[in-house]
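1. Sequence plus predicted model, see below.
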Amino acid sequence: MRKALYLLTFILVMTVGAIVMWQWKVYSEAKGLSEKTQTSAEQFIRVEQTSKRLSVIQTFSGLEAGTYKVANPMGVAYTIEGRDEMAPVSVVVGEDESEIIFVYDIPFEPNRPGKILVDWAVELIDIETRKTRVEITVTGDKRAGSWAAGAPLIGNAKKDYIDYYMFENEGSVYPIYYQNGQLMYLEVRDMVGLYYEEGTKIEEMKQLLQESSFLANHFIVLTSKHDPSDRQNLFLLDSRQSMDKHKSRFANMEMNAAFSFADDNERWLQKVLNSLVNDAEPGGAKAGQLVQVLKQNLLDYEMDAFIKSIEEMKQPLTAKLLDGALSSAVNKNTSFFSLNNLESAAMVPLFYYDERKILLNGAQSEQPIVYIDKKKAVPFLAIISNAGFQYEQMETGEVFLTRAEDTLRMYPGEKVFILNGTDYSVKSPPIFMLGQELYIYENWLRDIFGIKLAEQQGNLTVLGD
């Protein structure tokens with residue numbers, strides 16, 4: 001009896017152990033599947049150009065078993081080789097399969113001067129495409145065109161009855177360009193190529209492409225058959241334009257890539273950032289003003305901190321984000337970029353906010369206290385009104401003040417004022433416009449009006465004249 005009990009206990013222990021081991025194996029396999037890196041594949045796209053269409057056979061290979069969603073940016077009617085369903089939104093790859101072959105046509109007019117195709121191929125969503133090879137063949141008697149792509153031209157042949165192009169690049173599908181006319185190809189350096197029309201002078205462009213780090217993995221088409229365009233890594237340039245024009249275009253592209261802005265109206269601030277970061281010419285009057293102000297007012301370590309913040313900042317940028325970076329670099333609050341976000345408006349000087357408020361009869365003034373050139377400035381009209389002055393602000397900007405028998409004329413930004421009919425000249429302008437508000441420096445408030453400011457409970461109160 002005891003032996004039977006031992007045997008039964010042993011069998012139960014072994015059974016439970018086997019179940020635990022099986023469950024652990026299933027869990028481990030499931031966990032391993034969930035932790036796999038994103039599926040990767042390669043694709044080979046065969047394109048046959050005919051008189052009215054591009055016939056495409058697109059093969060994704062190296063796929064793992066699973067279900068893949070299909071993206072169809074051109075809205076083509078595709079089939080999948082070996083499948084009956086027309087244009088399914090997802091496709092299943094079985095355990096014994098490793099590739100999917102799509103078949104479809106793209107409308108095409110070979111007689112057009114030039115045509116660029118972007119996002120032209122079917123895609124599988126949520127996979128990493130390691131490499132894409134595109135093979136284009138052109139058959140028939142009338143073969144006057146040429147093909148270019150955002151990829152190196154690794155094979156090209158023109159025979160009696162067929163033209164052949166082979167492109168290959170890392171990553172997903174790249175733009176392709178057709179031109180009704182001949183294009184030459186020059187591999188300038190690794191992953192940088194130049195397509196051009198016969199007779200085009202290319203020496204300066206070749207030198208630029210050799211030297212530019214921004215243009216790595218870019219392919220340029222110098223053409224007279226298509227308007228300038230930059231689509232992903234394929235740039236079309238007008239071969240009739242000057243080299244200076246091309247350089248300017250590349251410079252703008254580089255700035256757009258390095259300093260992208262959410263608001264088109266603020267994009268011109270790229271010129272300011274590019275000048276500060278790369279020690280380049282600002283490229284605009286107001287941009288030059290902002291650069292000069294920042295260089296004059298920031299210490300070296302403050303400028304270094306500001307530039308580092310810009311380089312590390314998540315894009316797209318905004319003027320408000322730049323204000324935050326500048327405030328952090330100098331450890332003072334400013335709205336310099338927000339107040340200067342429009343290129344067409346006059347420049348507002350760099351100033352910093354004093355967190356304290358002006359108290360007028362116990363109430364806080366709405367206008368802030370600011371520091372410009374390390375000098376304190378306060379809202380002028382609110383303080384003068386509190387001191388008993390009546391004022392009138394003329395369309396010319398002049399301010400006319402009266403109190404009892406006294407009259408005073410002051411001019412924003414000017415080093416003169418007129419008190420009771422007598423002209424006075426001073427070393428610096430007492431009042432100035434800051435945005436839409438008039439401000440006066442604290443020293444001139446004291447010297448001209450006899451009004452002083454005193455600290456009171458963390459704010460500033462006005463002491464009478």
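-> Looks like it arrived, so ask away.
2. what's the burial count for the closest residue to Arg267 other than its chain neighbours?
-> Spatial nearest neighbour of Arg267, excluding adjacent residues (CB to CB, 6 or more residues apart in numbering): Phe261 at 4.5 Å. Backbone N, C-alpha and C define where each C-beta goes, glycine included. When counting by other CB atoms under 10 Å, one arrives at 22 neighbours for Phe261.
3. doesn't Gln270 make contact with Phe261?
-> Yes: contact criterion CB atoms under 8 Å: Phe261 and Gln270 qualify, at 6.9 Å.
4. Bridge partners for Thr137, pull those for me.
-> Note on Thr137: beta-bridge partners Glu48, Tyr164, judged by DSSP bridges.
5. Can you name the residues that contact it?
-> Arg46, Val47, Glu48, Gln49, Ile162, Asp163, Tyr164, Tyr165 (CB atoms under 8 Å, 6 or more residues apart in numbering).
6. same check, this time on Gly140
-> Gly140 neighbours (CB under 8 Å, 6+ apart): Thr50, Ser51, Tyr161.
7. For the last one, give its distance to Phe167.
-> In this structure, Tyr161 and Phe167 are separated by 22 Å, where distance is defined by CB to CB, to the nearest Å.
8. between these two, which one's more packed in?
-> Legend: neighbour count by other CB under 10 Å for Tyr161 and Phe167, higher for Phe167 (24 against 9).
9. Which helix or strand lies directly C-terminal to the helix or strand harbouring the more buried one?
-> In the assignment (DSSP states H and E), Phe167 maps to strand 162-170. Once the chain leaves strand 162-170, the next helix or strand it forms, by DSSP H and E, is strand 176-179.
10. Show me the contact partners of that following strand.
-> 49, 108, 110, 112-117, 120, 134, 136, 145-150, 167, 195, 221, 223, 225-226, 234, 236.
11. List every C-alpha atom in that strand, with coordinates, as PDB.
-> The C-alpha coordinates for strand 176-179 follow below in PDB (Å, rounded to 0.1, in the frame of the first residue of the first chain):
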ATOM      1  CA  ILE A 176      12.300  58.100 -59.600                       C
ATOM      2  CA  TYR A 177      12.400  60.700 -62.300                       C
ATOM      3  CA  TYR A 178      11.700  60.400 -66.100                       C
ATOM      4  CA  GLN A 179      12.800  62.900 -68.700                       C
END
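12. sorry, back to before: name the helices or strands packed onto the strand holding Phe167?
-> strand 128-139, strand 146-149, strand 153-158 (3 or more CB pairs under 8 Å, 6 or more residues apart in numbering; DSSP states H and E).
13. picking that back up, could you single out the nearest of the contacts of Gly140 to Ser213?
-> Thr50 (40.8 Å; CB to CB).
14. so who does the closest one touch?
-> Phe108, Thr139, Gly140.
15. What is the neighbour count of Asn278?
-> 12.
16. Give me the phi and psi angles of it.
-> Main-chain dihedrals, Asn278, degrees, to the nearest 10: phi -110, psi 10.
17. Thought Arg409 was touching Phe400, still the case?
-> Yes: with contacts counted by CB under 8 Å, Phe400 reaches Arg409, the gap being 5.7 Å.
18. From the contact counts, what lies against the helix or strand harbouring Ser248?
-> Taking DSSP H and E as the definition, Ser248 sits inside helix 243-258. Packing contacts for helix 243-258, counted by 3+ CB pairs under 8 Å, 6+ apart, involve helix 203-211, strand 234-238, helix 269-278.
19. ok, 7 Å please
-> helix 203-211, helix 269-278 (3 or more CB pairs under 7 Å, 6 or more residues apart in numbering; DSSP states H and E).
20. ranges for the helices of the stretch 351-465 of the chain?
-> Applying DSSP state H, counting those that start in this stretch to the stretch 351-465 of the chain gives helices spanning 380-386, 442-449.
21. Also the stretch 1-150 of the chain?
-> 2-34.
22. Which of the contacts of strand 176-179 are buried, as a PyMOL select command?
-> Applied in PyMOL, the following selects the buried portion of those according to 16 or more other CB atoms under 10 Å:
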select buried, resi 49+108+110+114+115+116+117+120+134+136+145+146+147+148+149+150+167+195+221+223+225+226+234+236
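23. mind listing what Tyr441 touches?
-> Residues near Tyr441 by CB atoms under 7 Å, 6 or more residues apart in numbering: Lys375, Ala377, Pro430.
24. Contact partners for the first one?
-> Right, Lys375. Tyr441.
25. quick one on the thing from earlier: dump the contacts of Tyr441 into TSV; add distance to Val277 and pLDDT as well.
-> Shown next, in TSV, are the contacts of Tyr441 (distance: CB to CB, whole Å; pLDDT from 0 to 100):
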residue	distance to Val277	pLDDT
Lys375	30	93
Ala377	31	94
Pro430	38	96
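26. Looking at the residues you listed, which is nearest Gln457?
-> Distances from Gln457 to the contacts of Tyr441, taken by CB to CB, are shortest for Ala377, at 21.8 Å.
27. Neighbours of the nearest residue to that closest one once chain neighbours are set aside, how many?
-> In space, and not counting its chain neighbours, Ala377 is closest to Tyr439: 4.3 Å by CB to CB, 6+ apart. Tyr439 is flanked by 25 other residues according to other CB under 10 Å.
28. Quick check: Tyr439 touching Pro379?
-> Yes: using CB atoms under 7 Å, Tyr439 is in contact with Pro379, at 6.2 Å.
29. in the stretch 151-300 of the chain, what spans have low per-residue confidence?
-> Counting by pLDDT under 70, the stretch 151-300 of the chain contains no low-confidence segment.
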